[in-house]
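Asker: one predicted model, sequence on top.
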Amino acid sequence: MKAEKKENYWIRIKRVKADLLKFGISSDLVKKLIYCYPLGVLERLIKATQKRQPGEPATYFLNGLKKSAMKHRPESTPIGDEDT
């Protein structure tokens, strides 16, 4: 069961990598994206990009990823003086 989940995970990574390379994103950036972002988020954005068929899919995908990161980032609280 555990080996099957790992195998499925690596198949998903290969699929995401192939789709991003097909969009025209460089292989170095693809590696960084897979390392930095959850696989489910990348798969969702790839599906949305393929559905809309933009003229430049790489730019469309990266803009969507940037907006997704801005939307879901944790709220930062300002660091205040601890004495007050």
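Answerer: That came through fine. Numbers count the residues shown, from 1 in each chain.
Asker: all contacts plus neighbour counts: C-alpha atoms, from now on.
Answerer: Noted.
Asker: centre of the chain to stretch 26-39, how far?
Answerer: 7 Å (Cα atoms, centre = their mean, to the nearest Å).
Asker: what's next to that stretch, contact-wise?
Answerer: Stretch 26-39 has contacts (Cα atoms under 8 Å, 6 or more residues apart in numbering) with Arg12, Ile13, Lys17, Leu20, Leu21, Leu42.
Asker: from those residues, which two are the most distant?
Answerer: Arg12 and Leu21 (14.2 Å; Cα to Cα).
Asker: I'd like the distance between Lys47 and Lys2.
Answerer: The spacing between Lys47 and Lys2, counted by Cα to Cα, to the nearest Å, is 27 Å.
Asker: so for those two, which residue has more residues nearby?
Answerer: Neighbour count, other Cα atoms under 10 Å: between Lys47 and Lys2, Lys47 has more, with 13 against 7.
Asker: helix or strand right after the host helix or strand of that one?
Answerer: In the assignment (DSSP states H and E), Lys47 maps to helix 39-52. Note on helix 39-52: by DSSP H and E, the next helix or strand toward the C-terminus is helix 57-72.
Asker: average pLDDT across that next one?
Answerer: Mean per-residue pLDDT for helix 57-72: 86.
Asker: so how far is that helix from its chain's centroid?
Answerer: Relative to its parent chain, helix 57-72 has a centroid offset of 8 Å by Cα atoms, centre = their mean.
Asker: output the contacting helices and strands for it.
Answerer: helix 2-23, helix 39-52 (3 or more Cα pairs under 8 Å, 6 or more residues apart in numbering; DSSP states H and E).
Asker: so who does the residue positioned nearest the centre of the chain touch?
Answerer: Closest to where the C-alpha atoms of the chain average out (Cα atoms, centre = their mean) is Leu42, at 3.4 Å. Residues in contact with Leu42, defined by Cα under 8 Å, 6+ apart, are Val16, Ile34, Leu65.
Asker: for Asn8, state which of the residues you listed is nearest.
Answerer: Val16 (12.4 Å).
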